[in-house]
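Student: Let me see the structure of the following:
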Amino acid sequence: MRAHAGVSKRIFIAAGLAPSLLIYALFVIVPIFWSAYYGFFDWKGIGEMRFTGFANFVEAMRDPVFWLSFRNNMVIVGASVFGQVPIALLLALLLKRGTWFQRFVRSAVFIPMVLSSVVIGIIWTNIYHPQTGLVNAALDAIGLSDWKRAWLSEPDIAIWMIAIPVIWNYIGPYLIMFLAALHSIPSELDDAAELDGARGMRKLASLTLPMIWDTFKVAIVLCISGSLKAFDLIYVMTNGGPAHATELLASYMYNSTFTVYRFGYGSAVSTLIVIISLLLVAGSQRLMRREPH
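Tutor: This next block holds a predicted model:
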């Protein structure tokens with residue numbers, strides 16, 4: 001009887017998951033394999049497909065712009081991992097304790113969640129505008145006019161200026177994750193830790209981080225994978241310029257596919273992006289395998 005009930009439960013769970021898994025397979029897994037398949041062909045989107053083997057992959061690996069895009073993407077990944085996640089955790093800790101500026105924090109962090117990335121890109125483009133932007137106006141106001149620059153037009157600083165709105169744009173989801181994780185910690189453990197004299201950083205290191213470590217790892221994985229797919233915000237603000245200084249792998253793939261109509265080459269680049277993403281996620285998971293003590 002118990003065995004029959006167990007089988008029925010597994011069938012019920014499988015039936016419930018099947019529609020979602022089918023949709024995921026059709027719209028995520030299958031396109032990935034099709035993209036990898038097209039990467040072995042020279043194809044302009046219409047007409048004959050000519051098999052070229054690994055030529056598209058080799059060309060991408062030899063293209064300096066591809067590696068410049070990769071470097072820029074690593075800057076965005078680093079800024080996201082070391083910016084979004086720690087800031088979201090810090091704000092979650094402050095909001096859990098209760099602070100006088102809770103309403104301001106929630107508004108500032110959650111506004112990007114109700115705006116599209118295109119709108120955010122336009123807002124930050126105006127903030128950085130060399131003549132009418134808030135950044136240069138603020139520098140004028142405090143007597144630092146010599147520091148004024150064309151923030152999005154200078155190759156040496158453009159990618160770092162892009163990183164700031166990227167960080168701000170995605171803090172909200174991680175803040176929600178950390179708030180939920182912090183509220184799941186039993187209050188008895190908090191009280192016991194304080195009775196033992198664990199406060200501040202000691203309590204954070206010995207109790208809080210170990211209890212939310214799984215959430216922390218998920219946030220890192222989402223941060224890495226999301227940063228490698230970053231496109232719309234950068235496309236609106238700079239379109240990869242100046243001189244590819246803000247070109248990312250996703251925008252490089254987009255331009256290769258839809259600007260010069262090399263669908264086979266663009267598919268090869270997208271396959272490389274998937275491989276890079278898997279390697280980075282696997283590496284981060286390996287580094288975070290051991291829980292903090």
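
Student: contacts, neighbours, all on C-alpha from now
Tutor: Fine.

Student: ok, so what distance separates the closest residue in space to Leu249 that isn't next to it in sequence from Ser277?
Tutor: Nearest residue to Leu249 in three dimensions, chain neighbours excluded: Ser69, at 5.2 Å (C-alpha to C-alpha, 6 or more residues apart in numbering). Noted for Ser69: a distance of 14 Å to Ser277, by C-alpha to C-alpha, to the nearest Å.

Student: between the two, which one's more packed in?
Tutor: Each of Ser69 and Ser277 has its neighbours counted (other C-alpha atoms under 10 Å); Ser69 has more, 22 against 19.

Student: isn't the more buried one right up against Met253?
Tutor: No: using C-alpha atoms under 8 Å, Ser69 is not in contact with Met253, being 9.8 Å away.

Student: what about Ala79, neighbour count?
Tutor: Ala79, neighbours per other C-alpha under 10 Å, totals 19.

Student: Which residues are in contact with it?
Tutor: 163, 167 (C-alpha atoms under 8 Å, 6 or more residues apart in numbering).

Student: Over to Ala230?
Tutor: Shown in contact with Ala230 (C-alpha under 8 Å, 6+ apart): 248, 250.

Student: Distance check, it against Arg62.
Tutor: For Ala230, the distance to Arg62 equals 23 Å [C-alpha to C-alpha].

Student: Repeat that for Tyr235.
Tutor: Taking C-alpha to C-alpha, one finds Tyr235 at 24 Å from Arg62.

Student: more neighbours, the two?
Tutor: Tyr235 (20 against 11).

Student: My read is that that one contacts Tyr252, right?
Tutor: No: contact criterion C-alpha under 8 Å: Tyr235 and Tyr252 do not qualify, at 10.4 Å.

Student: How many residues are close by Ile273?
Tutor: When neighbours are counted by other C-alpha under 10 Å, Ile273 registers 19.

Student: Find the helix or strand that it is a member of.
Tutor: Assigned by DSSP states H and E, Ile273 belongs to helix 263-287.

Student: Repeat that for Ala14.
Tutor: helix 2-24.

Student: for Gly240, same thing?
Tutor: Counting by DSSP H and E, Gly240 is part of no helix or strand.

Student: again with Leu139
Tutor: Going by DSSP H and E, Leu139 is in helix 134-141.

Student: And Leu90, how close does it get to Val135?
Tutor: Applying C-alpha to C-alpha, the value for Leu90 to Val135 is 26 Å.

Student: ugh, wrong one, Leu94
Tutor: Counting by C-alpha to C-alpha, the gap from Leu94 to Val135 is 28 Å.

Student: quick one: buried residues of stretch 126-146?
Tutor: Residues of stretch 126-146 classed as buried by neighbour count (16 or more other C-alpha atoms under 10 Å): 126-130, 133, 135-137.

Student: ok, residues contacting stretch 117-135?
Tutor: 112, 136, 148-152, 165, 169, 232-234, 236-237.
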